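In: Here you go, sequence then predicted model.
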Amino acid sequence: MSFLFHIGRYILFVKRVFARPLKPRIFFKKVITEIDTLGINSVGIVFVISLFMGAVITLQLAYNIDMPFIPRYAIGLGSRDSIILEFSSTIVSLILAGKVGSHIASEIGTMRVTEQIDVLDVMGINSASFLVLPKVVALIFINPVLVVLSMGIGIFGGWIAGSFTGIVPGADYIYGIQYAFVPFYIFYSLIKSVVFAFLIATISGYWGYYTKGGSLEVGRSSTTAVVVSSVQILLFNLILTQLLLA
Amino acid sequence: MIKVSHINKSFEGTPVLKDINASFEKGKVNLIIGQSGSGKTVLLKTIVGLHQPDSGDIWYDERNFTGMDAEDRKDVRQEMGMLFQGSALFDSLTVEENVRFPLDMFTRKSMEERIERVNTCLVRVNLYNVNKLYPSELSGGMQKRVAIARAIALNPKYLFCDEPNSGLDPRTAIVIDELIQELTQEFCMTTIVNTHDMNSVFGIGENVIFIYQGEKYWEGSGEDIFRCDNKELNDFIFASDILKKIRDL
Ligand SMILES: Nc1ncnc2c1ncn2[C@@H]1O[C@H](COP(=O)(O)OP(=O)(O)OP(=O)(O)O)[C@@H](O)[C@H]1O
Ligand SMILES: [Mg+2]
């Protein structure tokens, strides 16, 4: 019951979010600010996580397929495909759902409980669109960039781990990451990252926008936003994988 | 003038406003008084269209606000200024940007003209050298004044204030009250103020409406209030011992 209620209200909310901005110049400026707060501020965490996960993926592969008839470069190939197909788009988006999603929900939730959203509504401004659309656009723009960045750093992390432990010689790894490369995989990952960005921004915006009460409820909305957007990312990951790779 | 007729509003089956009829006059400060929880904020938010009434009509001069769609309402909305219970300044914007906000959104004036208007409004509410500060760096009374400056930036015809002096010391409260009264007369606005502060009732109440548990119990001027014999109103007004003593003098 409440599940259906939220789905219905979410759809109506998204319809309101996608309205033509009142002042394109102000909208554009807000998008730039959001790219900075949501995207640029996430580069650090994406960098660290990708580096370490890339290294771990490579080591795991190397230790698990330590068989004489499997060439060493296969490890480079395996790392590359895991990172490009799954890790960079899905895991990075999940982490962003935590960081960016809670930020969006608490910012908008605070505006709700302190009546700042009412101020916009009284003026006749479409508050849902004014507050959430710049975040959606910014995240759709920046998430693919972060994902590509993560791919590069993850593969680099694998190379470092492999060479330093000596378990995958650098040359083999480099050969492996170029072997049987399917460019479509990158495209597939980018499509996913755009969909995930949309989900994170709209779902977190939704929970923030419909916060009721005080600061306690703002905290609650922000937790709910993270949980719901993470679950939706996992669900859509499944759907998109079936649609695009089947 | 703003008129409301037969306004009903309930939340999840609980009636909050019951058949409210009232008219709020132009050029005057109209007060809505009542206990905490009596429905003052809900009534004010219904009048400005933040809540949709279950039934009844709201008239802004000759325009029926309840019958309009969102697009038509925009014209009326630009003639409204509203001051919220907690000031509701945008905390990511400076004082200047807060007051400039309605000008940025709704006018085509140049930046210099807008800033000039911002300064005029800030001076009007007696604020100087605060343009670059953030709301969190201001005292409660200053925040209220910035919010008033923002509310009058577009020269509204209708001004709504939800408990403009709650949380302020008595002196500052009177300053804010007088400011609202002066602005109302100066720009001949229709002003509606929610309050449970007796100082405001006696000080600026030209037309007072008393709400009790969502119903209108009494209407009159600030002076009439002493002479009224409505029990609920008397209980509300003379809740404090000092006022009781004054009455019995
Ligand atoms: N959005 C809402 N949903 C459900 N109930 C509400 C809502 N807003 C207000 N109420 C209820 O309506 C009643 C009147 O609330 P309102 O905020 O109008 O009181 P008030 O007269 O402004 O009080 P105060 O002086 O404390 O501000 C309260 O019982 C409140 O619980
Ligand atoms: Mg109130």
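Out: On my side now, so go ahead. Ligands and ions are numbered 1, 2, ... in the order given.

In: Double-check that B:Asn21 belongs to a strand.
Out: Yes - judged by DSSP: H, G, I helix; E, B strand; the rest coil, B:Asn21 forms part of a strand.

In: Please name the nearest non-neighbouring residue to B:Gln181.
Out: Nearest residue to B:Gln181, sequence neighbours excluded (CB to CB, 6 or more residues apart in numbering or on different chains): B:Ile204, at 4.6 Å. From N, CA and C alone the C-beta is placed, and that goes for glycine too.

In: pretty sure that neighbour is touching B:Leu183, no?
Out: No - here B:Ile204 does not reach B:Leu183: they are 11.2 Å apart, not a contact under CB atoms under 8 Å.

In: okay, these two: which has more neighbours?
Out: More neighbours surround B:Ile204 than the other of B:Ile204 and B:Leu183, with 24 against 20 (other CB atoms under 10 Å in any protein chain shown).

In: can you tell me the helix or strand for the residue nearest to the spatial centre of chain A?
Out: Nearest to the geometric centre of chain A sits A:Ser93, at 2.4 Å (CA atoms, centre = their mean). Element membership of A:Ser93 [criterion: DSSP states H and E] is helix A:92-96.

In: Are the lengthiest helix in chain A and chain B in contact anywhere?
Out: Counting residues, the longest helix in chain A under DSSP state H turns out to be helix A:127-165. No - figure legend: helix A:127-165 not in contact with chain B (CB under 8 Å from any CB of the partner chain); closest approach 8.9 Å.

In: Would you pull up how far that helix lies from the middle of the chain?
Out: Helix A:127-165 has its C-alpha centroid displaced from the chain centroid by 7 Å (CA atoms, centre = their mean, to the nearest Å).

In: So which bits of that helix are buried?
Out: A:127-151, A:153-155, A:157-159, A:161-163 (16 or more other CB atoms under 10 Å in any protein chain shown).

In: And stretch A:62-70, by the same measure?
Out: A:Ala62.

In: Endpoint to endpoint, that stretch covers what distance?
Out: Chord length of stretch A:62-70, first to last residue, is 10 Å (CA to CA, to the nearest Å).

In: Pairing partners for the residue nearest the centre of chain B in the sheet, please.
Out: In chain B, the centroid-proximal residue (CA atoms, centre = their mean) is B:Cys161; its distance is 1.7 Å. Here B:Cys161 sits in beta bridges with B:Leu83, B:Val193, going by DSSP bridges.

In: For it, give its distance to B:Thr184.
Out: Distance, B:Cys161 to B:Thr184, by CB to CB, to the nearest Å: 10 Å.

In: any shared contact partners between those two?
Out: Residues touching both B:Cys161 and B:Thr184 (CB atoms under 8 Å, 6 or more residues apart in numbering or on different chains) are B:Thr191.

In: show me what contacts B:Gln196?
Out: Careful, residue B:196 is His; it's not Gln. Contacts of B:His196 (CB under 8 Å, 6+ apart): B:33-36, B:40, B:163.

In: change it to 7 Å
Out: Neighbour list for B:His196: B:33-36 [criterion: CB atoms under 7 Å, 6 or more residues apart in numbering or on different chains].

In: Would you mind giving those residues as JSON lines with neighbour count, secondary structure and distance to chain A added?
Out: Shown next, in JSON lines, are the contacts of B:His196 (neighbours: other CB atoms under 10 Å in any protein chain shown; DSSP: H, G, I helix; E, B strand; the rest coil; distance: CB to the nearest CB, whole Å):
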{"residue": "B:Ile33", "neighbour count": "26", "secondary structure": "strand", "distance to chain A": "21"}
{"residue": "B:Gly34", "neighbour count": "25", "secondary structure": "coil", "distance to chain A": "20"}
{"residue": "B:Gln35", "neighbour count": "16", "secondary structure": "coil", "distance to chain A": "21"}
{"residue": "B:Ser36", "neighbour count": "9", "secondary structure": "coil", "distance to chain A": "16"}
